[in-house]
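# Please work out how this folds:
(2 chains)
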Protein chains: 2
Amino acid sequence: IDYNPKQMAIREKVFNTIIGCFKRHGAETIDTPVFELKETLTGKYGEDSKLIYDLKDQGGELLSLRYDLTVPFARYLAMNKITNIKRYHIAKVYRRDNPAMTRGRYREFYQCDFDIAGQYDPMIPDAECLKIVYEILSELDLGDFRIKVNDRRILDGMFAMCGVPDEKFRTICSTVDKLDKASWEDVKNEMVKEKGLSEGVADQIGEYVSMQGGMDLAERLLQDPKLSQSKQACAGLADMKQLFSYLQLFQVTDKVSVLFDLSLARGLDYYTGVIYEAVLSQMIQAPVVAEQNGALPGDEASVSVGSVAGGGRYDGLVGMFDPKGKKVPCVGVSIGIERIFSIMEQKAELLAEKVRTTETQVLVASAQKNLLEERLKLTTELWNAGIKAEVLYKKNPKLLTQLQHCEETGIPLVAILGEQELKDGVVKLRKVASREEVDVPREELVEELKRRTSKLP
Amino acid sequence: IDYNPKQMAIREKVFNTIIGCFKRHGAETIDTPVFELKETLTGKYGEDSKLIYDLKDQGGELLSLRYDLTVPFARYLAMNKITNIKRYHIAKVYRRDNPAMTRGRYREFYQCDFDIAGQYDPMIPDAECLKIVYEILSELDLGDFRIKVNDRRILDGMFAMCGVPDEKFRTICSTVDKLDKASWEDVKNEMVKEKGLSEGVADQIGEYVSMQGGMDLAERLLQDPKLSQSKQACAGLADMKQLFSYLQLFQVTDKVSVLFDLSLARGLDYYTGVIYEAVLSQMIQAPVVAEQNGALPGDEASVSVGSVAGGGRYDGLVGMFDPKGKKVPCVGVSIGIERIFSIMEQKAELLAEKVRTTETQVLVASAQKNLLEERLKLTTELWNAGIKAEVLYKKNPKLLTQLQHCEETGIPLVAILGEQELKDGVVKLRKVASREEVDVPREELVEELKRRTSKLP
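Sure thing, here's the model as predicted:
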C-alpha cells in the first residue's frame, strides 16, 4: 500500500509527538535490518510464529522478515554485549496475511517501541513505560483510555495452584488471552476440549480471571488461600503493589484508570513479569478502516479491539541470544501506531480538518508578465534566509492561478512583485485568508515574514 | 547491519538538515511498500538490472525488493493519475551484493530523493533540484564540491552525429559513464572490442567527451558543425544555456563551480534530458569505511568516487506505467545519503567530537538515601512541563554514579534533592561542566531550566 501526502502529514505529526516523548525520557535510538536469520526468530512468538514471513532458500543463510522490533533488539543487545540502554525504535515489520487463505502475501506496518534494558530496582523502569503510554495517549488526544496490568508470574502461579501442568502454562495463557474478544464459555471450551484441562481446573481459572481491581486487589490476593501458596504469584503481587505506588508518583493514576486485570495475558511467549495494555474507552470506527487498508493494528497479532499500546517485562529474551546465556532484564512497550494513524485519519475526516501536506509559508507571485527572473531572485533571497517559499514554474502565470495554488495547499501568505513594487523597492505582502495587502520594504521582508510565521502553528 | 545510537544521532542530524531543505522548497512526502511487482522494475535500470533482489515465487505475484525510489514514484503517479507534485521520499532500498560472488545476499541502504513532476516551463524545476543539492551540501559543511551537468539529448545527438547506430545509444552511454573511474583507453577499448564501434567513431566520441566548460561551451557547441546538425543536441544545448542562467538567479554558481561536462552519462536507462551529479572536491576516506560497513554509496551502483548526489530528467518513466501511456514529465535528485553518513561519522571521529545520543537536559539526583520518591516526583514535574529529564532507576544511587552518568551521556545539568533542599523548598541546580551550584526555588525550577537549556545547541 502506498501512503499519500495527507496520510504522511498525519503520520509525521504522530511520530513527532511520540519521538518527542521518548526523547523527553532520555531515550536513544538504534536501527536493525529488515531481515533477520530465521533461527533468530524461531521459538520467540508462540502460536503467532506461523505469521512470520520467511524468504525462500537461495543458497545463503535462511532469512525471515522481522516480525517485531523486540526480538531484533534483544539480539542486538546480546551481540554487542550491551547491558544497559534506554532505546526507542520506529520501523516497519512484516507479517504474513492469514496464511490459511493466501500464499506469499504479507502485511507491512510500522512498529514503535520503547524499551529499557538493565538491572535496576524493581518496577521503576516498568512504571516509566506506563508513564510513557500515558503521556503519548494524552498528548495525541485520543479520548479516554484505560491501562490494564497483570503479571505473568501471577498468571503462572495461579495456573499452578489451579492444577494446570507446567508444560501447558503457555498454551493456556494464549487461551486466556482470547478473553478480550471471546466469551468465558468459548474460552473454557477451548481449555477443556482442545487443551485437555479438566472442567474443575478451568472453572477455578475462570474465577480468578474475572477479577479486576487496583492496588487493593493485589493486597487481597496476597491473602488468597490458594495464590498465597505460590512464591511466584506472591512476588508478582508484591511488585504489582509497588508498581501502583510508582504510578501514583508519576501521576499516571490521576486521570486514567489503571486496572489490575487477571484476564490480561498477552499472546507472546517471551514475557516473564509485568504485562500491560492500553485500551481506548470509546472507539471511533478506525479499526475497520485499518483493516480495509490491510494495515492491521500494529503491535501484536492478538491485540484486542481498541488496544493502542502493549508490552511487558521480558527478562529471558536477551539470554537466548548470548552464547553463555547471560541475561539482561528488559521491559518495554509497543505503541500501536498504525491503529493510531487510522484513528487520526478518521478524526481529520470527521472534523473535515484541512490537513496541510507542505509547510510553505509564502508564495512568491506576480500579477504582470516577464517577471520570472525577479520572482526567482526573491525566492532565492527567502530560501537563503531559511523561509519556506514556493514559486510557480511558469514564465507568466496568472495571478489567479497563483492565489488558487495558495488556497489549495494552505499557503498563508503571498509576496507579490510588480513593476511598481520593483521601482519602489517594496514587496506587496498579501494575507491569503483576509486578502489584506501591505507594502513591505524589500530589505525588511525576511524579518516581517519571520515575525508573521512564528505565530502560525 | 545494525546502527548504534551514535550512528543514529549523526543520521538524525543529516536527515533533519535534508528534510528541512526539502520543506523549505515546499515538498510533501509519500511512502511506498518495500516490495514492488517484479514487472514494475523490469526494463527500467539498464545494465544495473542484475542487482535487483527478487523474491522467490511462492504462488502469489512475483515480487522484487525496491531498487530505488524513482521507479516506485513513477508507478505511484501513474496509478493515482497525479500530474503535478513536488515530493521527497526517504526510505530504504535493496540491491544484491555482487551477484557473481555471493548468492542471496543483499545490501540495504537509505535513499533520499526529491522530485518534481509536472508540465512546466523548461529548466525551472531542473534548476531548483540543483539549488537543493547546493543548499544541502553547503549546510552539511562537507567542504568544496562541484556540480557536473550534461543532457541525454546532447549525448544522443552526439552519438548519432558520430555514427553510433540508434540501438547502441544506451549501451554506449553506459560505457561513457565509466569515464569517471576508467581511462579513455579502457573506455575506448570497451566501445570497440565489446560493443562493436569502429575506431573512428570511438575517437570522435572521445573528442567530445573530453570537453568541459560553462555556458560558453554550450554556446560554442551550438556552432559545432557536427552537433548543430542534430535537432536533439541543439535542444539540449539551448536548455543547458537556460539552466545556467537560472542557476545564476538561484545563486548556485556563486561559490560552487557548475561544470557542463560531456563525459557525464549516468548509468540508468530512464533519463531523457538534463543529468547531473555533485562531487566532493576533497575526499575524506569515507568510501572505504562505507564499503566495510557493506553500505555502499547510496544513490546508484555506478556512482563515482566522491559523488554525493545525482539525478536528472526522466519524462518517459511515468508513461510506462500508464495504460494509455500518458506521460508526466519529471526531474529529480537523489542525495547519496549513506556516503554522507560515512563522511559525517568519519569527521566526528577525526575531530574526536563527542556525539550525544540523547537530548536529556537534566538529571534528577540525590546525595542522600531514601529519596527515590522525591526524585520520581520532581522528575514527573519536569516531564509534565516538557523538560527532557532522567532519573536513575535505583533506590539509593551514589551521587558520584549519578554525576558519572551525566559525564558519560553529556547531560549538562543536575537537579539535586536533599533533606535540606526539601525543607527549604529549593532544588540545588548544578552545572556538570563547571560544577557551579545554585539553589533554585522549586516553583521557579522549570522556568530556570527552560531559560538555561534554550541556550544549549
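
# I figured residue A:21 was touching residue A:132, is that so?
Yes - assessed by Cβ atoms under 8 Å, residue A:21 is found in contact with residue A:132 at 6.0 Å. For glycine as for every other residue, the C-beta is placed from the backbone atoms N, C-alpha and C.

# out of these two, which sits in the busier spot?
The residue with more neighbours, out of residue A:21 and residue A:132, is residue A:132; 27 against 24, by other Cβ atoms under 10 Å in any protein chain shown.

# Identify each buried residue in the helix or strand encompassing that one, please.
When elements are assigned from DSSP states H and E, residue A:132 belongs to helix A:124-139. For helix A:124-139, burial by neighbour count (16 or more other Cβ atoms under 10 Å in any protein chain shown) applies to A:124-137.

# could you pick out which of those residues are near chain B?
For chain B, the contacts drawn from the buried residues of helix A:124-139 by Cβ under 8 Å from any Cβ of the partner chain are A:124, A:125, A:128, A:131, A:135.

# which of these lies closest to chain B?
residue A:124 (4.1 Å; Cβ to the nearest Cβ).

# For the closest one, give me its contacts.
A:246, B:372, B:376, B:393, B:394 (Cβ atoms under 8 Å, 6 or more residues apart in numbering or on different chains).

# gap between the two ends of stretch A:108-127?
In stretch A:108-127, first residue to last residue: 30 Å (Cα to Cα, to the nearest Å).

# for that stretch, the distance to its chain's centre please.
The chain centroid and the centroid of stretch A:108-127 are separated by 13 Å, computed with Cα atoms, centre = their mean, to the nearest Å.

# For it, what does the pLDDT average out to?
The average of the pLDDT scores along stretch A:108-127 is 96.

# Also stretch A:440-448?
Stretch A:440-448 carries an average pLDDT of 96.

# Next: stretch A:259-279.
pLDDT averaged over stretch A:259-279 gives 93.

# Any part of that stretch near chain B?
No - with Cβ under 8 Å from any Cβ as the criterion, chain B is not reached by stretch A:259-279; the gap is at least 14.3 Å.

# Please write out the alpha-carbon positions of that stretch in PDB.
Taking C-alpha atoms only, stretch A:259-279 is exported to PDB below (Å, rounded to 0.1, in the frame of the first residue of the first chain):
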ATOM      1  CA  LEU A 259      -6.700  -1.700  36.200                       C
ATOM      2  CA  PHE A 260      -5.100  -4.800  37.700                       C
ATOM      3  CA  ASP A 261      -6.900  -7.300  35.500                       C
ATOM      4  CA  LEU A 262      -6.200 -11.000  35.900                       C
ATOM      5  CA  SER A 263      -7.600 -11.800  32.500                       C
ATOM      6  CA  LEU A 264      -4.900  -9.900  30.700                       C
ATOM      7  CA  ALA A 265      -2.500 -12.500  29.300                       C
ATOM      8  CA  ARG A 266      -0.800 -11.100  26.100                       C
ATOM      9  CA  GLY A 267      -0.100 -13.500  23.300                       C
ATOM     10  CA  LEU A 268       3.700 -13.600  23.100                       C
ATOM     11  CA  ASP A 269       5.800 -16.300  24.800                       C
ATOM     12  CA  TYR A 270       8.700 -14.100  26.000                       C
ATOM     13  CA  TYR A 271       7.100 -12.100  28.800                       C
ATOM     14  CA  THR A 272       8.300 -13.000  32.300                       C
ATOM     15  CA  GLY A 273       6.900 -10.400  34.600                       C
ATOM     16  CA  VAL A 274       4.500  -7.400  34.400                       C
ATOM     17  CA  ILE A 275       2.400  -7.100  31.300                       C
ATOM     18  CA  TYR A 276       0.100  -4.300  30.200                       C
ATOM     19  CA  GLU A 277      -2.100  -3.000  27.600                       C
ATOM     20  CA  ALA A 278      -3.800   0.400  27.000                       C
ATOM     21  CA  VAL A 279      -7.300   0.400  25.600                       C
END
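
# outside of stretch A:408-419, which residues touch it?
A:354, A:356-358, A:360-368, A:371, A:374-375, A:378, A:382, A:389-390, A:399, A:402-403, A:405-406, A:427-433, A:437, A:445, A:449, A:452-453, A:456, B:26.

# And the pLDDT at the closest residue to residue A:327 other than its chain neighbours?
Leaving out its chain neighbours, the residue that sits closest to residue A:327 by Cβ to Cβ, 6 or more residues apart in numbering or on different chains is residue A:319, at 4.0 Å. We note a pLDDT of 96 for residue A:319 in this prediction.

# helix, strand or coil for residue A:319?
Secondary structure, DSSP: H, G, I helix; E, B strand; the rest coil: residue A:319 is helix.

# ok, it touching residue A:272?
No - between residue A:319 and residue A:272 there is no contact under Cβ under 8 Å: 10.5 Å.

# How much space separates the residue lying closest to residue A:116 once chain neighbours are set aside from residue A:311?
Spatial nearest neighbour of residue A:116, excluding adjacent residues (Cβ to Cβ, 6+ apart): residue A:125 at 3.9 Å. Residue A:125 sits 11 Å away from residue A:311 when distances are taken as Cβ to Cβ, to the nearest Å.

# Name the helix or strand for the residue of chain A most remote from its centre, please.
The C-alpha centroid of chain A is most remote from residue A:423, which lies 55.1 Å away (Cα atoms, centre = their mean). Secondary structure assignment for residue A:423, by DSSP H and E: helix A:419-424.

# Identify the residues contacting residue A:37.
Counting by Cβ under 8 Å, 6+ apart, residue A:37 touches A:61, A:62, A:63, A:64.

# Could you rerun that using 10 Å?
A:61, A:62, A:63, A:64, A:75 (Cβ atoms under 10 Å, 6 or more residues apart in numbering or on different chains).

# Reformat these as TSV; add distance to chain B and pLDDT.
Converted to TSV, the contacts of residue A:37 look like this (distance: Cβ to the nearest Cβ, whole Å; pLDDT from 0 to 100):
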residue	distance to chain B	pLDDT
A:61	8	75
A:62	9	81
A:63	8	83
A:64	12	87
A:75	9	96
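
# Can you pick out the most distant pair from those?
A:62 and A:75 (15.1 Å; Cβ to Cβ).

# Neighbour count for the two, which is higher?
Neighbours per residue, other Cβ under 10 Å: of residue A:62 and residue A:75, the larger number sits with residue A:75, 23 against 14.

# which residue packs closest to the more buried one, ignoring adjacent ones?
Residue A:75 sits nearest to residue A:321 (Cβ to Cβ, 6+ apart), 4.9 Å away.

# give me every residue that touches the one you found.
So residue A:321 contacts A:40, A:44, A:71, A:74, A:75, A:76, A:77, A:78, A:79, A:328 (Cβ under 10 Å, 6+ apart).

# joint contacts of residue A:319 and residue A:272?
By Cβ under 10 Å, 6+ apart, the residues touching both residue A:319 and residue A:272 are A:327, A:329.

# If you count surrounding residues, which of those two has more?
residue A:272 (20 against 15).

# so that one makes contact with residue A:266?
No - using Cβ atoms under 10 Å, residue A:272 makes no contact with residue A:266, being 11.3 Å away.

# any chance you could map the helices in the stretch 151-300 of chain A?
Counting by DSSP state H, counting those that start in this stretch, residue ranges of the helices within the stretch 151-300 of chain A are A:152-162, A:169-176, A:184-189, A:199-209, A:215-222, A:231-249, A:286-292.

# most packed of those?
Mean neighbour count (mean count of other Cβ atoms under 10 Å in any protein chain shown) peaks for helix A:152-162 among the helices of the stretch 151-300 of chain A, with a mean of 24.

# packing partners for that one?
When contacts are defined as 3 or more Cβ pairs under 10 Å, 6 or more residues apart in numbering or on different chains; DSSP states H and E, helix A:152-162 packs onto helix A:169-176, helix A:199-209, helix A:215-222, helix A:231-249, strand A:274-280, strand A:307-313.
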